[in-house]
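*Asks:* sequence-free structure coming up:
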Ligand code: KIV
């Protein structure tokens, strides 16, 4: 049997993430939910693409991540995987897909890997997920954990607030991170936690921290692509830096096209199809 090496040599797998942490090299992660954006993100050199359940807010307009289904993540993941050559593709397990029992969780994670093409899965929670993380890792499923603000707990938390502000909460987050590392997660998302807490966790564990609203000390930074390029609506959290205004670019393009159509400037001759001189002559004969 030959061992095929179908991927590019620089393709990002777990060892590259570990090596970056060891060398103190920062990595970057962005969300994508479709072929064109995943292709742009991958070709821009982003190391990890997260098919996040933020698809619920960003793409489906649900308002939160609770309604997102496994099928929605799986379908997005298929498109993202097709577009991606280098980045590691991580898929979120949506709310309700890892809450019933371990067997069902494994089945759902395997669906994201076998059908969706995910190379790792992410789930939310701290010490309450330790056994689940162990089980998934035992089944050869690479796991990213997610602590701090966990958006799937929005109803329990009563909103989206910074987590780990008191000494007691901060200590608990550090403990959770250590337990998840021990359970076998290869990275942990730290969402909306004070930078000092993220710094302690990043120093205390050997696996990578992936920060969002968690300061500069995290090993990897993640953002929602649509926030970064200005394609989301409403007030943005303070950690979002808008690097482009794609909404403005798209609006202008659409308005220019619509006005060209209305004043007869689109489509022009080059943008439509005509007949050959020979055919025109034939048709003239028919017309008499
Ligand atoms: O779903 C998502 O986009 C996420 C990131 C915010 C980390 O979980």
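*Replies:* That came through fine. Model, not experiment: these values are computed from the prediction.

*Asks:* Indicate the residue of the protein located nearest to the ligand.
*Replies:* In the chain, the residue found nearest to the ligand is residue 52; the distance is 2.4 Å by C-beta to the nearest ligand atom. From N, CA and C alone the C-beta is placed, and that goes for glycine too.

*Asks:* count of residues packed around that residue?
*Replies:* Look at residue 52: counted by other C-beta atoms under 10 Å, it has 30 neighbours.

*Asks:* One more: residue 166?
*Replies:* As a burial measure, residue 166 scores 9 neighbours (other C-beta under 10 Å).

*Asks:* can you give me the helices in the stretch 1-150 of the chain?
*Replies:* 14-23, 35-43, 55-58, 70-83, 102-114, 130-138 (DSSP state H, counting those that start in this stretch).

*Asks:* Which of the ones you listed sits closest to residue 283?
*Replies:* helix 35-43 (40.5 Å; C-beta to C-beta).

*Asks:* Tabulate the helices of the stretch 1-150 of the chain in CSV, adding columns for mean pLDDT, mean neighbour count and distance to residue 29.
*Replies:* Formatted as CSV, the helices of the stretch 1-150 of the chain follow (pLDDT from 0 to 100; neighbours: other C-beta atoms under 10 Å; distance: least, C-beta to C-beta, whole Å):
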stretch, mean pLDDT, mean neighbour count, distance to residue 29
helix 14-23, 98, 14, 10
helix 35-43, 98, 18, 9
helix 55-58, 97, 22, 15
helix 70-83, 98, 20, 13
helix 102-114, 98, 18, 17
helix 130-138, 98, 18, 19
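
*Asks:* Make TSV out of these and add distance to residue 278.
*Replies:* As requested, the helices of the stretch 1-150 of the chain are exported to TSV (distance: least, C-beta to C-beta, whole Å):
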stretch	distance to residue 278
helix 14-23	60
helix 35-43	40
helix 55-58	53
helix 70-83	43
helix 102-114	55
helix 130-138	67
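
*Asks:* would you list those helices in JSON lines and tack on distance to the ligand?
*Replies:* Below are those laid out as JSON lines (distance: least, C-beta to the nearest ligand atom, whole Å):
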{"stretch": "helix 14-23", "distance to the ligand": "15"}
{"stretch": "helix 35-43", "distance to the ligand": "13"}
{"stretch": "helix 55-58", "distance to the ligand": "7"}
{"stretch": "helix 70-83", "distance to the ligand": "10"}
{"stretch": "helix 102-114", "distance to the ligand": "14"}
{"stretch": "helix 130-138", "distance to the ligand": "16"}
